[in-house]
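[1] sequence first, then the predicted structure, then my questions.
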Amino acid sequence: MTKSYPLILVDGSSYLFRAYHALPKLTNSRGEPTGALVGVLNMLRKLRDEHRPERIAVVFDAPGKTFRDDLYPKYKANRPPLPDDLREQIEPLLTVIRAMGLPLVVVPDVEADDVIGTLAMRAAEAGLDTLVSTGDKDLAQLVDERITLVNTMSDTFLDREAVKAKFGVAPERIVDLLSLTGDSVDNIPGVAGCGPKTAAKWLAAYGDLDGVIAHADEIKGKAGEGLRAALEQLPLARELTKIRCDLALDFGPDDLHPGEPDVVALRDWYTRLEARRLLETLPDDDAVANEAPQYDLVLDEADFEAWLTRLAGADLFAFDTETTSLDYMRAELVGVSFAIEPGRAAYVPLAHAYPGAPDQLGRDSVLARLKPLLEDPRRAKVGQNLKYDMSVLARYDIHLVGIAHDTMLESYVLDSTATRHDMDALAKKYLGRETISFEAVAGKGAKQLTFDQVPLETAGDYAAEDAEVTLGLHQALWPRLEAVPSLAGLYREIEMPLVPVLSRMERTGVRIDRDLLAAQSRALTKRIQALEEQAYAAAGRPFNLGSPKQIGAIFFDEKKLPVVAKTPSGAPSTSESVLERLAADGYELPSLILEHRRLAKLRSTYTDKLPQMINPATGRVHTSYHQAVAATGRLSSSDPNLQNIPIRRDEGRQIRRAFVPEPGHRLLAADYSQIELRIMAHLSGDERLLAAFAAGQDIHRATAAEILGLSPEDVTGEQRRSAKAINFGLIYGMSAFGLARQLGIERGAAQDYVDRYFARYPGVRAYMDRTRAQAHEDKYVETLFGRRLYLTDINHSNQGRRAGAERTAINAPLQGTAADVIKRAMIAVDDWIERERPPVRLIMQVHDELVFEVAEDRVDEAAEPIRQAMEGAAELAVPLLVDIGVGGDWDEAH
DNA sequence: GCCCACCCGTAC
DNA sequence: GACGTACGGGTGGGCC
């Protein structure tokens, strides 16, 4: 094609129908109809590539009545309703056309033909040649010296001469010809017995339609009779057929310059449509990725709508919230950011409030429109620590679903020993990219701003980058994860499904009896004060009982007490074991300090702190569970830490009485019995250990009996205690030296115990040897569910470092498998709760224990499903046993 | 006033 | 030196 056209007008509606009927009914693999849509897109691409027009518009009919309906109520009455599988393709088509950068024209209450006629005429007046691309013969009436028709699907051009050749009349007579022949699709009757040939003949003979009408009497035959019968309606047919070229449009040809294609959106759409040919027309991924990122600050409806459309078409999008607080229970939403492709992201500020802040889209209206997307399980989202975003959104009644990926967890599963899994660290590690720190935009210390006070320019870059980097990280991390099927399985089956469970558990929180803790604090204060006075008297001067340094000065400098042990930094230790030793030697002060430390610890860490952590809105304490902290796969808890509430000593245990249910409810505590030893039995396959668990024996008693050659009933309490220390020591990779210290016995005696243990449990020894050897070989160990823990020090030249790594190698598979098991149990139990909606809430996890708040009258029926979920969480060679207790507080539930 | 290392103690 | 995994309070020193 050599001739160039300054304006191309595309009859989009005609092509859509032609494509729908002419092309096979294709669908993509999701079952969405795509045939007509892709057909039209291919045609548009071809048209644009061949002509590279300066101006172009794709014109569609607008829904609604037109002037033709007013002229003729039966207009288009024969037309069947739009098939559903065609209707569904219209909106996506319009969206993709916009993304292609092609001006889209839909004028309310006007048909595409008339818009095209008017625009072509205006162009002609301005001296511009127009190419009208259509599949509809009616438009032949527009053809003249400046207007040419093309059917891009069949590649046929119609200029004046071609129109004459094809229809037998000049373009000026096309309206007359069509009036005579009629149009069954538009329900314009025409003349019975008169087809295009006859009509052309008549028009050639009598000049035009008026001439034909004037000479109607002269025409013979069936067609002549038809003509005479149709005379009255022919003027109306002409009115209906004639394309209007005089519409009052508020735009003209010069408003129709094509824009830059949105390659990112197009790639998503073409991918979704599975249109490979179209995908190939787009520039390479790399070319896009290497461009400077484009961050949109979305402040108006049009931009937001455009992003909504992009998100709706994306297979996966990255998502992030900006808020006023790290505390998910207090955080107010300040903005949201999105990315659908590295290099392209947007920030939608919603509630930035500082002097001179620009108007922003309303939070409620934005959230209302995001809600369907965020709650749609088929719309896949990726985020960094999405548990946080999920909890924040829940406060706005948005229940995030479709959490497909979390980059923090991808990183954690790939390497749990990495110290940090935050976005900044990951961007540096995996993308070689330095990101904007929160501190850089919000400042730090007392001058730190909340995010709503951060100016939009910097906030936008920061927030959009968060989403964009998250997507980039996912693209870097996911292939690495997929390359190791066991890790991918762990991620998919355990870590990702756990995210909503933890979010719910955190938001539920736990009720705390503030008054009880306050009373305990007062009682502790009295005792602490008394101890201080006694200590000052014993020391001969006042000092800070909380300062190991001052204690050291008094003990080892002033009173010349023996140094029992030193701290790692070389200072004389004042640890519990040291003080106990000194107390046993008859000194008074050490036991006073020990007592003081215990009480001060309880007061500062628990009885004073927990009431401060009560959320005023819920009256409950909401901890944070961290899913990417502990290298073994365990969770950790902070703010407050609910996983180290005292239990071993009675004084401390009282604090658990302050963990209470709502009125009408009970606490139910379910803990695994000896889970790590059972896992050791399973992993080692040791026959005696397996047999002991199979028989339901008290495992520490059985161990004592084996080591000492007694029958279980003859084992004393002291002997059982020693065996228990051995069992735990094994789990921690303890040496005979450590055991001796633990039990306060000679090293030789401890070694004797260890030897006898391994003689009776040879499978355990073999397992430990095997594990160590494997660790040296692989530089990592794994849990039963494939979780890996890397041991960088396993071949270290330093003996201490190497020994430490070996202990970790022994401990990690046991601790880590237990963590896997309880995580699976949590997912199962949450699934039951969400499915059956019993009056049961999961409120705490403490490594081998789950705590529930249950309606008082439903405790009995809750216990069994909980037990089944927990005991069924893994299929081991030994039974998994769960002990369940119920009470009016957490202490009582044990 | 803020930050951090250190020591110590709580849990499983 | 010697028992694994966490969190966090108080002290005390350094820094701004």
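    Perfect, I can see it now. Numbering: from 1, shown residues only, chains lettered A, B, ... in the order given.
[2] assumed A:Asp883 was part of a strand.
    Yes - the secondary structure assignment for A:Asp883 places it in a strand, going by DSSP: H, G, I helix; E, B strand; the rest coil.
[3] test my guess that it contacts A:Gln674.
    No - at 10.1 Å, A:Asp883 does not count as touching A:Gln674 under the criterion of Cβ atoms under 8 Å. The way it works is simple: take the backbone N, C-alpha and C, and place the C-beta from them, glycine included.
[4] which one's more surrounded, these two?
    In terms of neighbours (other Cβ atoms under 10 Å), A:Gln674 is the more surrounded of A:Asp883 and A:Gln674; the figures are 18 against 12.
[5] quick check: closest non-adjacent residue to the more buried one.
    Nearest in space to A:Gln674, with sequence neighbours left out and distances taken as Cβ to Cβ, 6 or more residues apart in numbering, is A:Ile699 at 5.5 Å.
[6] in chain A, what spans have low per-residue confidence?
    A:1-2, A:75-80, A:184-187, A:284-291 (pLDDT under 70).
[7] for it, what lies in contact range of DNA strand B?
    Residues of chain A lying close to DNA strand B by Cβ under 7 Å from any atom of the strand are A:444-446, A:548, A:567-571, A:573-576, A:578-579, A:594, A:597-598, A:601-602, A:643-649, A:652-653, A:846-849.
[8] tell me which of the residues you listed fall in strands.
    For those, the ones inside strands are A:Glu849, with DSSP state E as the criterion.
[9] hey, which helix is longest across chain A?
    In chain A, taking DSSP state H as the definition, the longest helix is helix A:799-836.
[10] for it, buried residues please.
    Residues A:804-806, A:808-830, A:832-833 are the ones in helix A:799-836 that count as buried (16 or more other Cβ atoms under 10 Å).
[11] show the contacting residues for the nearest residue to A:Glu375 once chain neighbours are set aside.
    Distances taken as Cβ to Cβ, 6+ apart put A:Val401 closest to A:Glu375, at 5.2 Å, once the chain neighbours are dropped. Shown in contact with A:Val401 (Cβ atoms under 8 Å, 6 or more residues apart in numbering): A:Leu374, A:Glu375, A:Asp376, A:Pro377.
[12] for these, which one is nearest A:Lys74?
    Nearest to A:Lys74 among the contacts of A:Val401: A:Asp376, at 42.8 Å, using Cβ to Cβ.
[13] so the closest one touches A:Gly402, yeah?
    Yes - shown here, A:Asp376 and A:Gly402 form a contact pair, counting by Cβ under 8 Å, at 5.9 Å.
[14] what about the two, which has more around it?
    A:Gly402 (16 against 13).
[15] what about that one, distance to DNA strand B?
    Shown here: A:Gly402 relative to DNA strand B, a distance of 33 Å by Cβ to the nearest atom of the strand, to the nearest Å.
[16] got it, and A:Ala725?
    According to Cβ to the nearest atom of the strand, A:Ala725 stands 13 Å off from DNA strand B.
[17] likewise for A:Gln384?
    Distance check for A:Gln384 against DNA strand B: by Cβ to the nearest atom of the strand, it reads 22 Å.
[18] enumerate every residue touching that residue.
    Taking Cβ under 8 Å, 6+ apart, we find A:Gln384 in contact with A:Asp320, A:Asp406, A:Thr407, A:Met408, A:Asp422, A:Met423, A:Leu426, A:Asp466, A:Thr470, A:Leu473.
[19] in CSV, list the C-alpha atoms belonging to the helix or strand containing the first one.
    Same thing as A:Asp320. Taking DSSP states H and E as the definition, A:Asp320 sits inside strand A:316-323. Coordinates of the C-alpha atoms in strand A:316-323 are reproduced here as CSV (Å, rounded to 0.1, in the frame of the first residue of the first chain):
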residue,chain,number,x,y,z
LEU,A,316,-1.0,-11.4,39.0
PHE,A,317,-0.5,-8.0,40.6
ALA,A,318,1.6,-6.7,43.4
PHE,A,319,-0.2,-4.9,46.2
ASP,A,320,0.9,-2.8,49.2
THR,A,321,-0.8,-0.6,51.7
GLU,A,322,0.6,2.5,53.4
THR,A,323,-0.6,3.3,56.8
